[in-house]
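> fold the stuff below for me.
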Amino acid sequence: MTAANNDRSMRVRIGTVLIYLSCLVLAGSAAAKLVPVPTVAAKLAVLGFGGSKLLLIAGLELASAILLAFPRTRAFGLLLVSAYLGGAVAVHVAHDQLPFQPVFVLALIWIGISLRHPEAPGSLRQTPTRSAFG
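Presented below is the predicted three-dimensional model:
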């Protein structure tokens, strides 16, 4: 195995670990909302997410984690999780809170995607390229 192949192999493995780690974080967060864990539910109620809204955002978070976990649905999962966590950042900012958690998780996901699928950011170019997640 050449050094370039070894580097690519290591990059792919690290990216895969980061993607699945992010999925676990999202699934755990969704579970805390579905149960609901009292401290989590209380914090989200202050932000305007109580009752059925709490279940809705837990469902969206779980759906995005599941879609992100599987390579065939990863592109759609990335879109959904980026929108979901972008919304979380906006809610934190609107309530004068620092959005460290959603920004950290989103950065972890995008770093993992960039390492595992280096062609993904390039898929936004105008020129036709191969499928980003095929």
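
> need the contact partners of the strand or helix carrying residue 64.
Of the helices and strands defined by DSSP states H and E, residue 64 is found in helix 52-69. The contact list for helix 52-69 (Cβ atoms under 8 Å, 6 or more residues apart in numbering) reads 19-20, 22-24, 26-27, 29-31, 33-34, 36, 41, 44-45, 49, 73-74, 76-78, 80-81, 84, 109. C-beta: built from backbone N, CA, C; applies to glycine.

> now, of the residues you listed, which are buried?
19, 22-23, 26-27, 29-30, 33, 36, 41, 44, 49, 74, 77-78, 80-81, 84, 109 (16 or more other Cβ atoms under 10 Å).

> helix, strand or coil for residue 48?
Assigned with DSSP: H, G, I helix; E, B strand; the rest coil, residue 48 falls in the coil class.

> any idea which residue sits dead centre in this structure?
Centrality entry for the chain: nearest residue to the mean C-alpha point is residue 81, 4.5 Å, by Cα atoms, centre = their mean.
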